[in-house]
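A.B. asks: okay, sequence plus prediction incoming.
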Amino acid sequence: MKKIFKIILGFLLLTNLSYAKKFDKNIFNFSKAGEKVYDDIYITSQNGLNGLEKNGKIIIPCKFREMRIEILSKNLIYIRPKNSKDYRKENRPDCYLINSHGKILHKSSFFVFDRVLNHNLWLMRDDDGFPNGDTSCGLLDENGNFIIPVGKYKSLSLQLVNPYGPDDKFEDRKYIPVWTQDKKIGLVDFQGKELIKPIYDKVKEISNNEIILYKNKYATLLDEKLNTLIPLGKYEKIEDWFKNSNIILAKNKDKIFVVDKRNQKVVYTFKNKKYHIQPFPKKIWKIYDNSILTKIVDKDFNEIIDTKKYKNYHLKFLMNNNIELTNKKDKLMGVINLNEQFIIPVKYYSISYVSKSKYVSDWNTGGFSIPITKGGGAIFIAFPNRTSKNHLYIYLEDIKEKYLKEINAILKGKYLKFPPEKIYISNKNGNILDVTSYKKIKITADKKVQVKNNIFEKWRTLEINK
């Protein structure tokens, strides 16, 4: 037993973990002389205060009661006071950055490190230890070579180490936003080369790795190679409404433009400041001008739906980007797809469809009257009047294979509180098939409609693509 205890004690002494308290993989607290920090670098003490020595030579002066040491890489060691009381003293010890040979690379009253995402680099922020912002920043590699010296810029982009959201991608980034002491912004690359001089007032990164820069109340747009797409002085503001597109929104005082950034051509000018751009799935946008729906376009501003044809209707997008039409005069409703083909003709008092809610609801028939919880957006219930009488519509184009079993169960009457008077199946070409008269109906995995009238009949396929 004593032999085992001696072996364990010897192991702890050899690994220097008997005194050094380890906080995570590479961070230690040291407080006793003789403790090994890294290779041949050890703790040394004078008058009750600690420092570092290498080969008997003091490399960090003995000013620390307790040291927190972080091994940043094989060649970088960061030393700072462990005790927070040290920070409140006028004569608090400096923080140090040294290499594995004991050479001091940097020292100041306080600085911190953050690893740059997707790069073997360290962002060093040098400040006074209080929450009044950085006083200078630097960028160095894992060997301690300063790519951007501390003091050249007041601040570097913290987005390098702290992304704003899950969609931010840094592996393709080729530049770093930098701020000077007079709060001007420029761009440098990861070798420290200045790509854009720090003369701008504001920078904004948008989709396609493009950049908007502002100077003297005007904006310029650069592509990912920092080539000019929209020159400075033409527009006061540029907005990236149409993500990953060739289209941007540009503003000048009371005028608002939709601009193709490939050729700087204005493709649309808003008539009024009361505009609204509403995005939908599948890269579709509704454009409201003077609070009126004027266009339905794709990401490159190509018109998908001719809204002039539907000036007598209210348009509402449903699941899967189908569009509900409501006649402004008689309030009758129908549904079209993005090809402007009718899924449901305009003749119904009310239409319910599967949404994210628990039930398909229609308040005109007494609340949650048709508890369909399945179908994945391919099921519609249309009401000819204010009663519970209804017509069932199934849209083939929106059927997903994982919901096929449930849709066929609906065709057998399952999930329906009120059996439909009529059953219709429609396709993307606007063909609507009435299958009400058949006793048994099913839809196959390849979206074919099969029917039969009794158990002795074979299933036969109905033609719908006429």
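C.D. replies: That came through fine. Numbers count the residues shown, from 1 in each chain.

A.B. asks: got a list of contacts for the helix or strand hosting Val178?
C.D. replies: Per DSSP states H and E: Val178 is located in strand 176-179. With contact meaning C-beta atoms under 8 Å, 6 or more residues apart in numbering, strand 176-179 is reached by 137, 139, 148, 153-157, 159-160, 185-190, 198, 203. Any C-beta I mention is one placed from the backbone N, CA and C, and that applies to glycine too.

A.B. asks: repeat the analysis, applying 10 Å as the threshold.
C.D. replies: 116, 119, 121, 123, 134, 137, 139, 147-148, 152-160, 184-190, 192, 194-196, 198, 200, 203-205, 211, 213 (C-beta atoms under 10 Å, 6 or more residues apart in numbering).

A.B. asks: for Asn385, which non-adjacent residue is spatially closest?
C.D. replies: For Asn385, ignoring the flanking residues on the chain, the nearest one in space by C-beta to C-beta, 6 or more residues apart in numbering is Tyr349 at 5.3 Å.

A.B. asks: count of residues packed around that neighbour?
C.D. replies: Applying other C-beta atoms under 10 Å, we find 17 residues neighbouring Tyr349.

A.B. asks: what does Asp330 give?
C.D. replies: 10.

A.B. asks: my guess is it meets Tyr348, correct?
C.D. replies: No. Between Asp330 and Tyr348 there is no contact, the gap being 11.1 Å when judged by C-beta atoms under 10 Å.

A.B. asks: and the protein, what are its domain boundaries?
C.D. replies: Domain segmentation of the chain under automatic domain parsing yields 1-105, 312-462.

A.B. asks: so which of those domains gets nearest Leu229?
C.D. replies: Counting by C-beta to C-beta, Leu229 lies closest to domain 312-462 out of the domains of the chain; the figure is 29.6 Å.

A.B. asks: so what's the gap between the closest one and the chain middle?
C.D. replies: Relative to its chain's centre, domain 312-462 lies at 35 Å (C-alpha atoms, centre = their mean, to the nearest Å).

A.B. asks: check stretch 37-57 too.
C.D. replies: 47 Å.

A.B. asks: contacts for it, please.
C.D. replies: 16, 19-20, 28, 30-36, 58-67, 69, 71, 74, 77, 79, 82, 93, 96, 98, 100-103.

A.B. asks: could you redo the last one with a cut-off of 8 Å?
C.D. replies: When contacts are defined by C-beta under 8 Å, 6+ apart, stretch 37-57 is touched by residues 28, 30-36, 58-67, 69, 71, 77, 79, 98, 100-102.

A.B. asks: what's the PyMOL line that selects buried ones from those?
C.D. replies: A single PyMOL command is used to select the members of those judged buried by 16 or more other C-beta atoms under 10 Å:
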select buried, resi 28+30+31+35+59+60+62+63+64+67+69+71+77+79+98+100+102
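
A.B. asks: quick revisit: make JSON lines from the domains of the chain and add distance to Val178 to it.
C.D. replies: Output for the domains of the chain, formatted as JSON lines (distance: least, C-beta to C-beta, whole Å):
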{"stretch": "domain 1-105", "distance to Val178": "20"}
{"stretch": "domain 312-462", "distance to Val178": "43"}
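
A.B. asks: can you give me the end-to-end span of stretch 249-261?
C.D. replies: In stretch 249-261, first residue to last residue: 10 Å (C-alpha to C-alpha, to the nearest Å).

A.B. asks: my bad, stretch 278-296
C.D. replies: Using C-alpha to C-alpha, one end of stretch 278-296 lies 10 Å from the other.

A.B. asks: over to stretch 55-69?
C.D. replies: Stretch 55-69: ends 19 Å apart by C-alpha to C-alpha.

A.B. asks: and that stretch, how far out from the chain middle?
C.D. replies: For stretch 55-69, the separation from the chain centroid amounts to 45 Å (computed by C-alpha atoms, centre = their mean).

A.B. asks: stretch 27-44 now?
C.D. replies: 43 Å.

A.B. asks: before we move on, back to that, how far is the strand holding Val178 from where the chain is centred?
C.D. replies: 22 Å.

A.B. asks: partner strands of that strand, with direction?
C.D. replies: Paired neighbours of strand 176-179 in the sheet (DSSP bridges): strand 155-156 (antiparallel), strand 185-188 (antiparallel).
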